[in-house]
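Trainee: Predicted structure and sequence below. I'll ask about it afterward.
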Amino acid sequence: MSPYPLRTLRMLAGAAVLATNLLTLPAAAQPAGVTRTDLQRHDLSAPGREAVQVRVDLAPGSAFGRHTHPGEEIIYVLTGAIKYDVEGKPPVTLRAGDVLFIPAGAVHAAKNVGPDTASELATYIVAKDKPLLTLVK
């Protein structure tokens, strides 16, 4: 038995989360300059729902195109300046410490409008049986 069973368990859990994300997030949905890091995924007390937390890093000038989620997204900007376009609302540029709530199914996009890498913490409250992200034309 490993002298570090908890560390081994955490590594296996992390690998499982990464594999799940790779299966649920199409390669086309990962634009150049955008890095998504899964942090955690847990079932909720509401049947068929889960919480997913992801760190998203956007290189200067990079963007994540129009898309939706099968539930709510709660955004906390960690660093940089990110412009969000949420359908039906005026565009807004958020900086470190700012927050944004995106309703379930709302079409939205994000772009790094600053000179440095921008990062956000995205928390999704979503249906378990649907892809986390769906691209919109």
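Mentor: Received, thanks.
Trainee: tally of neighbours for Tyr84?
Mentor: 20 (other Cβ atoms under 10 Å). The way it works is simple: take the backbone N, C-alpha and C, and place the C-beta from them, glycine included.
Trainee: and His110, bridged to which residues?
Mentor: Careful, residue 110 is Ala and not His. Beta bridges link Ala110 to Phe64, Tyr84, judged by DSSP bridges.
Trainee: Gly80 versus that one, what's the distance?
Mentor: Between Ala110 and Gly80 the distance, using Cβ to Cβ, to the nearest Å, works out to 11 Å.
Trainee: neighbour-wise, which of those two wins?
Mentor: Ala110 (27 against 21).
Trainee: got any residues that touch both of Ala110 and Gly80?
Mentor: Leu58 (Cβ atoms under 8 Å, 6 or more residues apart in numbering).
Trainee: Tell me how many other residues crowd Phe101.
Mentor: Phe101, neighbours per other Cβ under 10 Å, totals 10.
Trainee: For it, pull up the helix or strand it's in.
Mentor: strand 99-102 (DSSP states H and E).
Trainee: That strand pairs with which strands, parallel or anti?
Mentor: strand 71-79 (antiparallel).
Trainee: Tell me how far the strand it pairs with lies from the chain's centre.
Mentor: Relative to its parent chain, strand 71-79 has a centroid offset of 8 Å by Cα atoms, centre = their mean, to the nearest Å.
Trainee: for stretch 124-137, same thing?
Mentor: 10 Å.
Trainee: swap in stretch 102-120?
Mentor: 10 Å.
Trainee: can you pull the buried residues of that stretch?
Mentor: Buried positions in stretch 102-120, judged by neighbour count with 16 or more other Cβ atoms under 10 Å: 102, 106, 108-114, 118-120.
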